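1. Build me a model:
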Amino acid sequence: NRPVVIFPEGRISNTGALMKMYDGPAFIAAKSKAQILPIFISGGVLSKYSRFNPQNEIVKSQKRWFPKNTLTFLPPQQINLIENQNLQTATKIYSAREKRRIYSNQLLRIMQESQFLATMQQHQNMTLYEVLCETAELNGKNLPIIEDIKCNENPYSYKKFFQIISVLTSLVLKNIDDTDEKNSQNSQNSQNIGILLPNIAATLALILGLSAKNKTPAMLNYSAGLNAIIAACQSANLKFIVCSKAFVEQARLENKLSQLCQTLPYLKILYLEEIKNSLTLLDKLKALYFGFFPRDFVKNFCKNKNK
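-> Have a look, this model is predicted:
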């Protein structure tokens with residue numbers, strides 16, 4: 001047996017995604033009973049020689065002469081022959097064209113799974129925040145990515161979003177650390193932090209920022225009943241919940257939060273309107289810096305943690 005390299009796609013991708021699959025390669029692999037060794041190549045779309053032609057000028061500017069290419073080898077697989085199926089349970093006799101189409105779909109599934117697994121392997125040791133940083137470096141930090149329905153400004157770019165992450169996370173953790181210093185016996189229980197906020201850009205920024213700082217954000221469903229929220233707080237061992245007074249008034253959660261604090265007296269509610277008063281000039285300068293160098297947001301945390 002001699003190994004053969006086949007590109008099942010009909011032509012080179014000009015979008016970065018899988019192109020049209022033809023029946024010939026799958027039919028050959030099925031009839032020869034060959035073992036298929038999927039190999040996923042990533043990074044080639046960033047080459048100046050590639051046919052990938054993005055419409056966005058910022059993404060187009062990221063193309064370079066010698067990009068990093070990664071080859072990921074996946075476990076060998078084999079296309080299942082229809083003749084090997086149990087004929088007694090078969091309810092249809094397939095034509096030659098239908099068989100080729102079935103084989104082609106199997107090969108397409110193998111390629112899609114290989115693309116997914118290869119991407120997962122490349123990012124298996126990365127946090128969500130690190131993946132966001134990598135995507136920002138690929139697309140350009142000035143590319144607009146998030147539009148907030150609560151804000152009349154233009155959509156937030158990567159750089160602006162990293163600044164929001166820095167400000168919100170530093171404010172929340174600063175207030176939590178101050179409270180933990182006053183109650184040192186609870187300092188080891190502040191790993192999980194509850195979030196009771198609407199679906200806005202600030203909520204996403206806080207989730208990414210807390211996870212980058214080795215904290216676990218616990219999303220609370222405000223539409224759930226009081227007993228369900230109490231059970232969630234107890235299960236997650238929450239000591240702090242980040243909330244907004246404007247959201248509480250709009251969603252009419254005053255009574256629910258009051259009863260929650262009465263049931264769990266150790267629980268502290270951090271309102272964004274209150275903690276923003278602790279924002280300092282240093283926090284603003286750090287946010288401006290992390291907008292340009294977002295990876296240092298995690299490096300800074302690792303250094304402080306080691307100390």
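2. how many neighbours does Ala251 have?
-> When neighbours are defined as other C-beta atoms under 10 Å, Ala251 has 14 of them. Any C-beta I mention is one placed from the backbone N, CA and C, and that applies to glycine too.
3. Sorry, wrong one. I was asking about Arg2.
-> 3.
4. Next up, the contacts around Lys99.
-> By C-beta atoms under 8 Å, 6 or more residues apart in numbering, Lys99 lies in contact with 27, 82.
5. Looks to me like it is in a helix.
-> Yes: looking at Lys99 with DSSP: H, G, I helix; E, B strand; the rest coil, it is inside a helix.
6. Next one: it relative to Glu113, how far apart?
-> For Lys99, the distance to Glu113 equals 21 Å [C-beta to C-beta, to the nearest Å].
7. next one: Leu272
-> 42 Å.
8. Repeat that for Asn142.
-> Asn142 is 35 Å from Glu113, by C-beta to C-beta.
9. Poorly predicted segments of the stretch 201-307 of the chain, please.
-> Within the stretch 201-307 of the chain, the ranges that satisfy pLDDT under 70 run 300-307.
10. show me where it has helices.
-> Here the stretch 201-307 of the chain has its helices, by DSSP state H, counting those that start in this stretch, at 201-212, 226-235, 245-251, 254-263, 272-275, 281-292, 296-306.
11. ditto for the stretch 1-150 of the chain
-> Using DSSP H, counting those that start in this stretch, helices in the stretch 1-150 of the chain cover 23-31, 57-60, 96-122, 128-139.
12. circling back: got a markdown table for the helices of the stretch 201-307 of the chain, with distance to Leu81 too?
-> Formatted as a markdown table, the helices of the stretch 201-307 of the chain follow (distance: least, C-beta to C-beta, whole Å):
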| stretch | distance to Leu81 |
| --- | --- |
| helix 201-212 | 46 |
| helix 226-235 | 50 |
| helix 245-251 | 58 |
| helix 254-263 | 60 |
| helix 272-275 | 61 |
| helix 281-292 | 56 |
| helix 296-306 | 50 |
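13. Can you say which of these is packed in most?
-> Most buried of the helices of the stretch 201-307 of the chain by mean neighbour count (mean count of other C-beta atoms under 10 Å) is helix 201-212; its value is a mean of 21.
14. what's it packed up against?
-> helix 128-139, helix 158-182, strand 192-196, strand 216-219, helix 296-306 (3 or more C-beta pairs under 8 Å, 6 or more residues apart in numbering; DSSP states H and E).
15. Tabulate those (JSON lines), appending distance to Tyr266.
-> Shown next, in JSON lines, are the helices and strands packed on helix 201-212 (distance: least, C-beta to C-beta, whole Å):
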{"stretch": "helix 128-139", "distance to Tyr266": "29"}
{"stretch": "helix 158-182", "distance to Tyr266": "11"}
{"stretch": "strand 192-196", "distance to Tyr266": "13"}
{"stretch": "strand 216-219", "distance to Tyr266": "16"}
{"stretch": "helix 296-306", "distance to Tyr266": "25"}
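16. Mean pLDDT lowest where, among the ones you listed?
-> Note on the helices and strands packed on helix 201-212: helix 296-306 shows the lowest mean pLDDT, a mean of 61.
17. Give me whichever of the helices of the stretch 1-150 of the chain is most buried.
-> helix 23-31 comes out most buried of those by mean count of other C-beta under 10 Å, with a mean of 18.
18. Who are the contact partners of the spatially most central residue of the chain?
-> Geometric centre of the chain, nearest residue: Leu128, 4.9 Å, by C-alpha atoms, centre = their mean. The contact partners of Leu128, taken as C-beta under 8 Å, 6+ apart, are 208, 211-212.
19. That'll do, ta.
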